[in-house]
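K.L.:
the following comprises the amino acid sequence and a computationally predicted model.
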Amino acid sequence: MIESVDNEKIANLLDQVVAKLGRKPLKVLVQVNTSGEESKYGMDPLGCVELAKHVKLHCPNLVFSGLMTIGMPDYSSTPENFKALLNCRTSVCNALGISDEHCELSMGMSGDFEQAIEMGSTNVRIGSTIFGPREYPKKKQNQ
C-alpha cells in the first residue's frame, strides 16, 4: 500500500508503473493536509473527493482504500485534524457510494495514536514507539 498519494500526477504515474509491472492492483491512500501546514505534503481537504474519484475512475491499476494525514511538527495532532479527516471520509464515501468500512483512516503517530484510534483511525504509524526516536544526520555546513 502507498499511503501518500496527494495529486493526480502521482496517481497516474503509480497506475502506469503498476501496469508495466503486471502486478495486481495497488492499494493507495489519499494524503490530506489537515493541519494546513506548508511544510506538510497532502492535498487540501476540499480536494480529497476529486482525487479519490480520479483514482477510482481513471486509475484501473490502483485501488482507492482510504485517507491519510500526518500530524503536527511534533508528530501529534489536535482533535480538529482528526475531525477534518473524518469529514473528508464522509464526503468521499458519499461521493463514491461506499461505506465508511471501505475507507481506511490512517491517522495517528507515536505521539497521538491513542486519541487517533478513539476517533476512528484504522491504521497508526508508531515507529518511534517501537524503534525509538529518529536520529537525523546533521547537515554539513558550507565552508
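P.N.:
Nice, thanks for sending it over. Numbers count the residues shown, from 1 in each chain.
K.L.:
what residues of the host helix or strand of Gln115 count as buried?
P.N.:
Using DSSP states H and E, Gln115 maps to helix 113-118. Neighbour-count burial for helix 113-118, counted by 16 or more other C-beta atoms under 10 Å, picks out 113, 115-116. Every residue, glycine included, has its C-beta placed from N, CA and C.
K.L.:
who does the helix or strand containing Ser106 pair with, and is each partner parallel or antiparallel?
P.N.:
Assessed by DSSP H and E, Ser106 sits inside strand 104-109. The strands beside strand 104-109 in its sheet (DSSP bridges) come out as strand 62-68 (parallel), strand 123-125 (parallel).
K.L.:
pLDDT of it, averaged?
P.N.:
The pLDDT scores in strand 104-109 average 84.
K.L.:
mean pLDDT lowest for which of the strands paired with strand 104-109?
P.N.:
strand 123-125 (a mean of 77).
K.L.:
show me what contacts Cys88?
P.N.:
Residues near Cys88 by C-beta atoms under 8 Å, 6 or more residues apart in numbering: 32, 34, 45, 48-49, 67.
K.L.:
the bottom helix or strand of this protein by mean pLDDT?
P.N.:
Scoring the helices and strands of the chain by mean pLDDT, DSSP states H and E places helix 127-131 at the bottom, with a mean of 63.
K.L.:
follow-up on the earlier one: between the contacts of Cys88, which is closest to Gly132?
P.N.:
Thr34 (26.7 Å; C-beta to C-beta).
K.L.:
and for that closest one, the neighbour number?
P.N.:
29 (other C-beta atoms under 10 Å).
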